[in-house]
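Chemist: what follows is a predicted protein model with its sequence.
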Amino acid sequence: MDELIRVTPDREKAKSMAKMVEITLEMIKTINAERFSSNIVKEYYDVIRELMTAILLLDGYKTQGEGAHKKLIEYMEKNCRQLTGREISHSTVFKNEFHLSSDGGC
């Protein structure tokens, strides 16, 4: 299984990722939920994954490869005690719940 890769924390890239998340959340509001519900679910999944990736980046890590998504969830479960792995896996994301703390991602 792929491990976490140590990188230099990049607050600016994480901010950019958070802005893209905001744009995606705005776009989701325009999708016809009756016709394209699976597209909405996919977009929310991408939002959650992007936010977790930004948190890892703030903490000085990245993932890549086949096990990257699983590593993201494991990292969040271990290091972001506000959420459990189950909550991360099944949560919906609301625009105002994500903010970049000054001391890292969690």
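Modeler: It's in. This one's a predicted model, so the numbers in the text were calculated from it and none came from an experiment.
Chemist: what strand or helix carries the residue most central in space within the chain?
Modeler: The centroid of the chain falls nearest to L51 when counting by CA atoms, centre = their mean (2.2 Å). In this structure, L51 sits in helix 37-58 according to DSSP states H and E.
Chemist: helices and strands around that helix, which ones?
Modeler: helix 11-28, helix 68-79 (3 or more CB pairs under 8 Å, 6 or more residues apart in numbering; DSSP states H and E). Every residue, glycine included, has its C-beta placed from N, CA and C.
Chemist: out of those, deepest packed?
Modeler: Comparing those by mean neighbour count (mean count of other CB atoms under 10 Å), helix 68-79 comes out on top with a mean of 17.
Chemist: check the offset of that one from the chain's centre.
Modeler: Relative to its parent chain, helix 68-79 has a centroid offset of 10 Å by CA atoms, centre = their mean, to the nearest Å.
Chemist: do the same with stretch 14-24
Modeler: On CA atoms, centre = their mean, the centre of stretch 14-24 falls 10 Å from that of its chain.
Chemist: what does stretch 34-47 give?
Modeler: On CA atoms, centre = their mean, the centre of stretch 34-47 falls 15 Å from that of its chain.
Chemist: what comes up buried for that stretch?
Modeler: By neighbour count with 16 or more other CB atoms under 10 Å, stretch 34-47 contains the buried residues E43, Y44, V47.
Chemist: and R35, helix, strand or coil?
Modeler: With DSSP: H, G, I helix; E, B strand; the rest coil as the basis, R35 sits in coil.
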